[in-house]
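S.K.: pasting the sequence and the predicted model now:
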Number of protein chains: 2
Amino acid sequence: MTDRKEFRDLASPEDAHETVASLDIDPDPETVPLREARGRVLAERVDAGIDVPGFDRASMDGYAVRAADTFGADETDPVVLPKTGVVHAGEEPDVEVGEGECVEISTGAVMPAGADAVVPVERTTERNGEIAFETAVAPGDSVMAAGADVAAGERALGPGTELTPREIGLLSALGVESVPVRGKPTVGVISTGDELVRPGEPLEHRAGEIYDVNSYTVAAAIEEAGGEAVLYPHAGDDYAEMERQLRTAADECDLVLTSGSTSASAVDVVYRVIEERGELLLHGVAVKPGKPMLVGRFEDAAYVGLPGYPVSALTIFRTFVAPAIRDAAGKPEPERATVEGRMAVQERYGQGRTRLMPVGLLEDGAGDTLVYPVDKGSGATTSLVEADGVVEVDADTDYLAAGESVAVELFSPDVRPPSVLCIGEDDPAFARLLDGVRNPRYLAEGTRSGFRRLRDDLPDVVVASGPLEPEEETETLASWTREWGLVVPEGNPQNVDGLVDLLDADLDFLNRTTASGLRVSLDAALDDLAGEGETGRELAGRIAGYERTVRAHESPARKVAAGDVDVGLGLRASAAKLGLDFVPVGAESVRVLANPGRIEKAGVRELERALDGVESVVADLPGYEA
Amino acid sequence: MTDRKEFRDLASPEDAHETVASLDIDPDPETVPLREARGRVLAERVDAGIDVPGFDRASMDGYAVRAADTFGADETDPVVLPKTGVVHAGEEPDVEVGEGECVEISTGAVMPAGADAVVPVERTTERNGEIAFETAVAPGDSVMAAGADVAAGERALGPGTELTPREIGLLSALGVESVPVRGKPTVGVISTGDELVRPGEPLEHRAGEIYDVNSYTVAAAIEEAGGEAVLYPHAGDDYAEMERQLRTAADECDLVLTSGSTSASAVDVVYRVIEERGELLLHGVAVKPGKPMLVGRFEDAAYVGLPGYPVSALTIFRTFVAPAIRDAAGKPEPERATVEGRMAVQERYGQGRTRLMPVGLLEDGAGDTLVYPVDKGSGATTSLVEADGVVEVDADTDYLAAGESVAVELFSPDVRPPSVLCIGEDDPAFARLLDGVRNPRYLAEGTRSGFRRLRDDLPDVVVASGPLEPEEETETLASWTREWGLVVPEGNPQNVDGLVDLLDADLDFLNRTTASGLRVSLDAALDDLAGEGETGRELAGRIAGYERTVRAHESPARKVAAGDVDVGLGLRASAAKLGLDFVPVGAESVRVLANPGRIEKAGVRELERALDGVESVVADLPGYEA
């Protein structure tokens, strides 16, 4: 085997936080136009440079007067004064108010010299060019004095203030057109590993290529934390190339992250370049999944190496790196970054390491937040969207009991629990109907899995197909049927006519997993086919490939289309979509079953309404009937 | 008076919501690169186009084997197999695994043909080029099957999904490089009113010009709601010009807003153009402050006219317009847009109209949120930053009791209650010391106001100067002294030597308001100056301008600098800053007094630490001593 680095002395999470915090990634402050300042953070105190308003300002439409001239006026005995002029907003008064005179004035206009109050027009009447005042006013009434709103020299906004629309309003009032703000730390992302391809480029599956998930994910997370992300071309597993990329990035960035590969050799190359050409401060943290985390410096930049698996990378970024970026950008932690909930199920541990456990969120019928572990293995990118955040579990916690209260650190402040959690059969009609629901979650793990999870009271809705029935009571929201059978290549070159043709034949079959309701339908059909003294199970043993299974509804058909197998278990709709031939075997019902305790949830009711559209959705799917 | 529109039939708030919702401002969907998709909202369902992984993938470093070959192996009796090759991540296997063979494999590499499981390297030992396996594995162990993460044809993300880093991760894994997203509605802002000047341009105070606050504020609020803001040049009060601006904006935007002027004539021009050349759907809403709101259509665009005062404009925008923009952009209402709190003081009404009452937020000592009305008059731009949001009070609510629970709609989801609320004397040393505190609020309303508000248990901290003492118990966090006296022009042209020179003199004096501690110090000095049978009050009557007052500490000095008055009450520090001469009269203490119930608040403790810097701050302020 290649000689590989083992990280035997793992740092504690506290040490890792301190080490990252000790890196200097503070950018220089900058100046931005006010129009672009939203979301930025003030770098300095802003004191008012001018009075607001800058002049004594009428705050009502009416007449500017000397208040003393109105003393004693009331409705029965008004004071009548001649009007000697008019002042509109936005013009310099060309008139003064003498004793016993008045001047018409608009809201916002400059008070003419001599006047010290405004009488609102509603309290006056006009009589032959003269104005009758039906009320007395005091000096200053309906006038906003110069500087009464903000006075020159006053503290307006302090350093560290985040600029939301209202602060932009105050700065506008002060005439500020450019604003000193905290810089955004520039964070470079170098993806590593020879197997990575950037999205949009062609992928060679046979060569083990996969799309680079972490670069864009981490870049988005950097920007969410207040940094500026720069993506560098992917560095492969070559030492010299890695060193060159790191130098370029370190030169241009405050912080450089590497991320991407899960292969030991790529991780090892990064490690050696940092250790030999930079400064390695920490390697490995005693958290799961943080073992391969690196912290150091390279030239003038700070450096952090993230784990390769996407959920691990995002979790470690969020836990250790995002706080440092927010700090450097002057941004506070978002309020909604953490939510409280209680464990829906028990979860056992025994790691001896702090664990950052990916979890999903769910609202129960009473509006409480339920938290359930999502453990699809760290390699699964779907964990990114099937989990909503992580729960930090102490190294000495053996288990979390069902009902126990936990704090969930959301992957992003904008992450929201799904409106409705649907678990069960992978069905294309249901997938389309979900388009009418805002923010649903659909775990297409199969009918059996939906029923099993229902025993834990987890799903709001189970999607079931085939003969299986739940142990728990449920309420049927909708149902339809779908035709299933054998998907074969176009033209049916092997002349497959039914299940019986698969027995002892030289045909390569691809099955669905046992969790699938469709698989249960197949097994039931084999039972029906079995004659005297024979079982369906025995027949199954005579089908080549019966034990080879895939999880999703369209996968066997796709393998047929690719020429990898001769016959796949599947739907007429899939065969039609992929231009394949189809040998019908049966029709099974698909039922959308609500958990009775969740029937009043807004998301379930929204789903119910969306299910009304079933007729038009199944009309587009061959073999479907509502 | 000018003939003006009266809005007698005010629409209900519900009608206004419905009318705005009936406007069509939906933009066309667009396609953006994945790298720029963060924060956008998916316009369509995205189904997986490829399997992830695209091949059977080793999920551990180790050896690819036929599982059956390991059956029966354990530590005491290992199975030994020859190694026939190596497969790294990112390369196409050039070897097959035959019966009784094994191939070295890296995490992420393609499983070579023939193999159906991986034995982790930790469970093996190398012996003379052969590998001893100390454990048996089952088919599929340590292998992630093609499509196990995401299968081609599966629903990946639904329409309406907001793209946070994790969704970007899933789209990356699927190789998606450009994403169909909801368009952002384009919202034009036309500011109206001849008196408005854009920030950064020179201002003519005498002509009643003021900076245009609403354009930038509303533009920022539009962008916060998910729209794209376009600012149009300001249209003045001219009918033809307004019509032309509206046509340009309507041509380029989905929605056009007018906003800015408080003058009746400008409002009237807009009203007439919409009524005569467009379609007026609603004029005036029975909410305070919504009376002047207009809703209609102009050419192909929707139109809403906002009130002129900034707080009113932002409140009406937030209440009636932002929901429509969010809807069109496909964005949900932010979770933190509304917070709960209880009224700190009683507040009376009697409007007969729904009131959107600006309020400030405050945490009390126990961590509860207190809500207090901020009523500085709608013309005050400082209300924007002194209030945090609005409480909607029903038309038939007479009063809100202290302690009553209310919901506060925040001006922005990013608005946070201040960490510490300081009320009292306007003092430049305190203003600078606050720079060390994150998100403080400082209402420099004067010492007297601070003490009065302390009776309502509102402030965390009162800043006091001069001889006044609080009725309530307080805890002194810090104190210093400041030299005060008479600020006169450079060179002291009138040879002012002390207070006595102001008596019966031909000198124009400018005083501070009675709320100010400094004013109380002046009155005390006049009392001291008064001889037998004379009062300080009588002496005050002999000072020309004694009754003319301004609120802020530097304002009298600025009026001296501007040549508007001869003598101003002020600080040596202000005179020095403005290059004026100073005639000392006395020194007064400035005390930072904590509300004892709030002493444990994090913000108060942060302020305490910041106050440790008083020595260095006062060293920069002439006349100050710690």
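M.R.: Good, I have the coordinates. Residues are numbered from 1 along each chain as shown, chains lettered A, B, ... in the order given.
S.K.: can we go C-alpha only for contacts and neighbour counts from here?
M.R.: Noted.
S.K.: and A:Arg591, what does it touch?
M.R.: A:463-465, A:476-480 (CA atoms under 8 Å, 6 or more residues apart in numbering or on different chains).
S.K.: bridged to it, which residues?
M.R.: Per DSSP bridges, the residues bridged to A:Arg591 are A:Ala464, A:Ser479.
S.K.: what's the spacing between it and chain B?
M.R.: 18 Å (CA to the nearest CA, to the nearest Å).
S.K.: before we move on, the earlier item: next, format the contacts of A:Arg591 as JSON lines and append pLDDT.
M.R.: Converted to JSON lines, those look like this (pLDDT from 0 to 100):
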{"residue": "A:Val463", "pLDDT": "98"}
{"residue": "A:Ala464", "pLDDT": "98"}
{"residue": "A:Ser465", "pLDDT": "98"}
{"residue": "A:Thr476", "pLDDT": "97"}
{"residue": "A:Leu477", "pLDDT": "97"}
{"residue": "A:Ala478", "pLDDT": "97"}
{"residue": "A:Ser479", "pLDDT": "97"}
{"residue": "A:Trp480", "pLDDT": "98"}
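S.K.: out of those residues, which comes closest to chain B?
M.R.: A:Val463 (14.4 Å; CA to the nearest CA).
S.K.: that closest one: neighbour count?
M.R.: 31 (other CA atoms under 10 Å in any protein chain shown).
S.K.: wait, doesn't it sit right on A:Asn595?
M.R.: No. Counting by CA atoms under 8 Å, A:Val463 stays clear of A:Asn595, with 10.9 Å between them.
S.K.: quick one: least confident helix or strand in chain A?
M.R.: strand A:347-348 (a mean of 81; mean pLDDT, DSSP states H and E).
S.K.: quick one: strands adjacent to it?
M.R.: Applying DSSP bridges, one finds strand A:347-348 paired with strand A:399-400 (antiparallel).
S.K.: tell me which helix or strand comes right after the partner strand.
M.R.: Toward the C-terminal end, the helix or strand that comes next after strand A:399-400 (DSSP states H and E) is strand A:405-410.
S.K.: for that next one, packing partners?
M.R.: strand A:338-343, strand A:389-393 (3 or more CA pairs under 8 Å, 6 or more residues apart in numbering or on different chains; DSSP states H and E).
S.K.: neighbouring strands - and their directions - for it?
M.R.: Next to strand A:405-410 in the sheet, as set by DSSP bridges, lie strand A:338-343 (antiparallel), strand A:389-393 (antiparallel).
S.K.: other residues contacting that strand?
M.R.: A:337-343, A:359, A:371, A:388-392.
S.K.: please apply the same query to stretch A:25-44.
M.R.: Under the contact criterion CA under 8 Å, 6+ apart, stretch A:25-44 has outside partners A:158-165, A:168, A:171-172, A:176-186, A:254-255, A:301-302, A:324-325, A:328-331, B:216, B:220.
S.K.: and if we set it to 6 Å?
M.R.: A:159-164, A:177-183, A:185, A:254, A:328 (CA atoms under 6 Å, 6 or more residues apart in numbering or on different chains).
S.K.: any idea of the mean pLDDT for that stretch?
M.R.: Throughout stretch A:25-44, pLDDT has a mean value of 96.
S.K.: export only the CA atoms of it, formatted as CSV.
M.R.: Below are the C-alpha coordinates for stretch A:25-44, written out as CSV (Å, rounded to 0.1, in the frame of the first residue of the first chain):
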residue,chain,number,x,y,z
ILE,A,25,-8.0,36.5,7.7
ASP,A,26,-9.2,40.1,8.2
PRO,A,27,-9.5,41.9,5.0
ASP,A,28,-8.9,45.7,4.6
PRO,A,29,-11.9,47.9,4.9
GLU,A,30,-13.3,49.3,1.7
THR,A,31,-15.6,52.1,0.6
VAL,A,32,-18.8,51.2,-1.3
PRO,A,33,-21.5,53.4,-2.9
LEU,A,34,-24.6,53.7,-0.6
ARG,A,35,-26.7,52.1,-3.3
GLU,A,36,-24.6,48.9,-3.0
ALA,A,37,-24.2,48.9,0.8
ARG,A,38,-27.1,46.7,1.8
GLY,A,39,-25.9,43.8,3.9
ARG,A,40,-22.5,45.2,4.4
VAL,A,41,-21.1,46.1,7.9
LEU,A,42,-20.0,49.6,8.8
ALA,A,43,-16.2,49.8,9.4
GLU,A,44,-16.3,53.1,11.3
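S.K.: buried residues in it?
M.R.: Neighbour counts over stretch A:25-44 (16 or more other CA atoms under 10 Å in any protein chain shown) mark A:25-27, A:29, A:32, A:34-35, A:37-44 as buried.
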